[in-house]
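A.B. asks: Sharing a model prediction with you, sequence too.
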Amino acid sequence: MRDLSGWNKFIQNCCALKDPAELQQFFELTLTAAECQKIGSRYLILSELITGDKPQRTIAADLGVSLFNITRGVNQLKQTPANVQQLILNAKDKSSL
């Protein structure tokens, strides 16, 4: 079994940072630019899939990602309860205020 103690500490640190600028600095310190890009793309893919307004090919074209990445997101969402999916929509709603 994997040891998730480091991941759990990382999450706790993220939760402790309330200022978005500090959180961004923390991510830039702990993640490579490529990792930040991948996480951002993954978030946008999941957000678009949950919203359900666009076909998968359109999402891929709009975000400049492969259909493989879209399929990976679809498969992840199939295993994710609706209340957890709602977390992305809630965050999206708050960011548009």
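C.D. replies: Noted; the coordinates are in hand.

A.B. asks: How about the spatially most central residue of the chain: what's its closest non-neighbour residue?
C.D. replies: Central residue of the chain (Cα atoms, centre = their mean): Y43, 2.8 Å from the mean position. In space, and not counting its chain neighbours, Y43 is closest to I88: 7.2 Å by Cβ to Cβ, 6 or more residues apart in numbering. The way it works is simple: take the backbone N, C-alpha and C, and place the C-beta from them, glycine included.

A.B. asks: list the contacts for the one you found?
C.D. replies: Residues in contact with I88 (Cβ atoms under 8 Å, 6 or more residues apart in numbering) are Y43, L46, S47, I50.

A.B. asks: Tell me how far the closest residue in space to F27 that isn't next to it in sequence lies from K18.
C.D. replies: Among residues not flanking F27 along the chain, C36 sits closest, at 6.1 Å (Cβ to Cβ, 6+ apart). Distance of C36 to K18, given as Cβ to Cβ, to the nearest Å: 20 Å.

A.B. asks: between those two, who's got more neighbours?
C.D. replies: C36 (14 against 7; other Cβ atoms under 10 Å).

A.B. asks: ok so, going back, so the residue nearest to the centre of the chain, which state does it fall into?
C.D. replies: Here Y43 is helix, with the state taken from DSSP: H, G, I helix; E, B strand; the rest coil.

A.B. asks: For the protein, which residues score under the pLDDT cut-off?
C.D. replies: Flagging of the chain using pLDDT under 70 yields the residue ranges 1, 92-97.

A.B. asks: could you pull out the helices for it?
C.D. replies: Ranges of helices in the chain, per DSSP state H, are 5-16, 20-30, 33-51, 56-63, 67-78, 82-95.

A.B. asks: ok so, going back, do you know how far the residue nearest to the centre of the chain is from A91?
C.D. replies: Between Y43 and A91 the distance, using Cβ to Cβ, works out to 9 Å.
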